[in-house]
Every structure is written in C-alpha cells, then in structure tokens.
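Enquirer: got a predicted structure here, sequence first:
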Amino acid sequence: MAKLIDGRAIAEKVYVDLRREIAELKSKGVTPGLAVILVGHNPASRTYVRSKDKMCRELGLHSVKLELPDSTTQAELLSRVAEFNRDSNIHGILVQSPPPEHIDEAAIVRALDPNKDVDCFHPENVAKLVLDDPSGFVPCTPLGVQRLLLESNIEIRGAHVVVLGRSMIVGKPVALLLMQKNKNGNATVTVVHSRSRDLAQITRSADVIVAAIGRAEFLRADHVREGAVVIDVGINRVEDAARERGYRLVGDVAFEEVSKKAGAITPVPGGVGPMTIAMLMANTVKAARQSMGKPM
Ligand code: GUN
C-alpha cells in the first residue's frame, strides 16, 4: 500500500511560515492584498474562488472577491483589471479560468500588471519561468506539486518525472519548474498527453508521475511502475446519486488500484488542492514584499 501524501498537513506547514511573514509585513504597514475575479456561474470555479477568499481572511490578508455576471463584456473586464492594477492595496490579481467563451482570456492576461500576476499567466512571468529567473512568479499548482515532493523527501534531482498533460496552468509549467537548474529541480522530465504514442510504456519508466490530464481516473495500475510516486492534480466531478450534492470528486488517477502499486500517492481531495491555495497565498505575500522593493 502506498504512503499517503497529506496535502492538508503540508499546507499547514506553509501557513506557519506565511503567518510569521504576514505579521512582519503588517508591522511595516503593508497588508498583502489579493483580488480574485470570477466571471460567470461555473460551479467548480465558484467553489475555488470562495476557498481562496476564505483562506485570505483566515490569514488576515486583504481580500477582494469580484463576482461578475456571464454577460460581462471584454471591455468591462479589462477596465476592472486596470482598476486593480492601479490599486496600491492590491498586490495580487487572479482572474479565474476558464472565463465564458466570449472573453478573450489571452488579452485579459496580457492586461495584468506582471508584478501582480500571482498565477504566472502573463507572458513576462512565463518567460521568467523558462529563463530560471526567480524574480517572476511560479504558477500555484506546479509550485504546490514541487513543495509536496520536497516536504515528502522525494528526490527530484535526476529522477525521471513524467508529466501527464500539457496545459498552460499545470502540465507545461510543472515540467519547466522541475527541470530548472537549481536545488529543487534538475529532474529528467518527459511530457506525455492525449496524443502520445506508447503512453503506458513511458509512464511505467517514471520515478514520479504528475497526472494533470483532466480526465477522471485516467491513470490505471498498469501505467505505473511498482513503488513510483504518483501526484494527482485532477479534480473531476463524477455523477453520484447516492451523494447529497449529486456528485463525488475523483482525480486523474484510479486511486483504488494505483495506491496498491505506488510507493506514495496524493489523495483527491486533500492532496494537491490545499497546496494550490497555500501557494496562491505565498505568491500574494511575495508580491506584497516585492512591491516594497525587497528581493524575492
Ligand atoms: N482555474 C483552475 N486553476 C486555476 C488557477 O490556478 N488560476 C486561475 N486563475 N484559474 C484557475
């Protein structure tokens, strides 16, 4: 049976350090502030946005949650972003993805002040990630995955990490982050995706698998080498009439069978999810610190 990697417990460790840092910033007159913008009624997005706002409040951060209707125009959204760019009480801005179809997300992302782009979606921050320049931001979920591995004493350096999925939010940046030339990187990274040939053969050669393909219970036991570490980034809603809310959450990994073969595994929920929020808080604190002219 695999060792369970407890994302909630590791997130708590992150919060211990963050609370100290937040207190220090406040003593200097700066309360880190995060603005989260949600356009539309996507139920999963609403849940995520609420959790982010709640965590800001628990930590004593300044939090602005802006929920806009589906009918919001591109121009209106751009104008809201511009307002937060100008607001000196806001250090981080996050526009929840995906927005409704009529919104040009790439243009919204380019309108963000890169110094407030705590998601690392702006091209300037993406470039810094590619360049191993630590003055930019690192996206929250990849940063959370890296921290889970480090805190669980799983060797990243020289390990073969297979990333399943190539999204801009997780797959691509997690691959870049883990192959970076620094003490928390140096992995040998392979990225596989829905069009990859011989996918199972590749995943079976992995020391660590990061599953972020967005398909419920996609990764099965025969994809995994005995003893491999499996990090499950997926959060999928699967219909379940027996549940009060009518669905249950499952990851991109068939947990039941994979946990019998893996050496360590993250659960869903309670694995990567809490770490993503913790890293968003950490990025907001970093943005506030950098706004005072201090280094990383
Ligand atoms: N939607 C799912 N994950 C994320 C995230 O990390 N940031 C934003 N902005 N939207 C998301």
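Expert: Cool, the structure landed.

Enquirer: and stretch 260-278, how far from the chain's centre?
Expert: 12 Å (Cα atoms, centre = their mean, to the nearest Å).

Enquirer: buried sites along it?
Expert: 261-268, 270-278 (16 or more other Cβ atoms under 10 Å). Where you see a C-beta, it was placed from the backbone N, CA and C, and this is true even at glycine.

Enquirer: ditto for stretch 216-229
Expert: By neighbour count on 16+ other Cβ under 10 Å, the buried set for stretch 216-229 is 216, 217, 218, 219, 223, 224, 228, 229.

Enquirer: check stretch 91-103 too.
Expert: So stretch 91-103, judged by 16+ other Cβ under 10 Å, has buried residues 91, 92, 93, 94, 95, 96, 97, 99, 100, 103.

Enquirer: I'd guessed residue 148 sits against residue 10; true?
Expert: Yes. Shown here, residue 148 and residue 10 form a contact pair, counting by Cβ atoms under 8 Å, at 5.9 Å.

Enquirer: these two: who's more crowded?
Expert: More neighbours surround residue 148 than the other of residue 148 and residue 10, with 24 against 20 (other Cβ atoms under 10 Å).

Enquirer: got the buried residues of stretch 216-229 as CSV, with secondary structure columns?
Expert: CSV is the format used below for the buried residues of stretch 216-229 (DSSP: H, G, I helix; E, B strand; the rest coil):
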residue, secondary structure
216, coil
217, coil
218, coil
219, strand
223, helix
224, coil
228, coil
229, strand
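
Enquirer: of those, closest to residue 120?
Expert: Checking those against residue 120 by Cβ to Cβ gives residue 229 as the nearest, at 24.1 Å.

Enquirer: could you give me the average pLDDT of stretch 27-43?
Expert: Here stretch 27-43 scores 97 as its mean pLDDT.

Enquirer: hmm, that stretch touching the ligand?
Expert: No. Judged by Cβ under 6 Å from any ligand atom, stretch 27-43 stays clear of the ligand, getting no closer than 8.1 Å.

Enquirer: export that stretch as CSV, just CAs?
Expert: In CSV, the C-alpha atoms belonging to stretch 27-43 read as follows (Å, rounded to 0.1, in the frame of the first residue of the first chain):
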residue,chain,number,x,y,z
SER,A,27,4.3,45.6,11.3
LYS,A,28,5.8,47.7,8.4
GLY,A,29,2.3,48.9,7.4
VAL,A,30,1.7,46.6,4.5
THR,A,31,-1.2,44.1,4.4
PRO,A,32,-0.9,41.8,1.4
GLY,A,33,-4.0,42.1,-0.7
LEU,A,34,-5.5,39.7,-3.3
ALA,A,35,-8.2,40.4,-5.8
VAL,A,36,-10.0,37.4,-7.3
ILE,A,37,-12.2,38.0,-10.3
LEU,A,38,-14.8,35.4,-11.3
VAL,A,39,-16.8,35.9,-14.5
GLY,A,40,-19.9,33.7,-14.9
HIS,A,41,-21.5,30.9,-12.9
ASN,A,42,-19.2,27.9,-13.4
PRO,A,43,-20.0,25.9,-10.2
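
Enquirer: could you pull out the buried residues of it?
Expert: 30, 32, 33, 34, 35, 36, 37, 38, 39, 40, 42.

Enquirer: cool, stretch 169-187 as well?
Expert: Of all the residues in stretch 169-187, those buried under the rule 16+ other Cβ under 10 Å are 169-180, 185-187.

Enquirer: quick check: the farthest pair among those?
Expert: Greatest spatial distance among the buried residues of stretch 169-187 (Cβ to Cβ): 169 and 186, at 23.3 Å.

Enquirer: just how off-centre is stretch 63-82 within its chain?
Expert: 22 Å.

Enquirer: and it, anywhere near the ligand?
Expert: No. Stretch 63-82 lies out of reach of the ligand by Cβ under 6 Å from any ligand atom, never closer than 12.3 Å.

Enquirer: for residue 90, grab the count of nearby residues.
Expert: Quick note: residue 90 (other Cβ under 10 Å) scores 23 neighbours.

Enquirer: ok, residue 111 next?
Expert: Per other Cβ under 10 Å, the neighbour tally for residue 111 reads 18.

Enquirer: list the buried residues of stretch 124-133.
Expert: 124, 125, 126, 128, 129.

Enquirer: which one of the residues you listed sits closest to the ligand?
Expert: Among those, residue 125 lies closest to the ligand (Cβ to the nearest ligand atom), at 12.7 Å.

Enquirer: residue contacts, the residue nearest the centre of the chain?
Expert: By Cα atoms, centre = their mean, the mean C-alpha position of the chain lies nearest to residue 141, the distance being 1.7 Å. By Cβ atoms under 8 Å, 6 or more residues apart in numbering, the contact set of residue 141 is 169, 170, 174, 212, 233, 272, 275, 276, 279.
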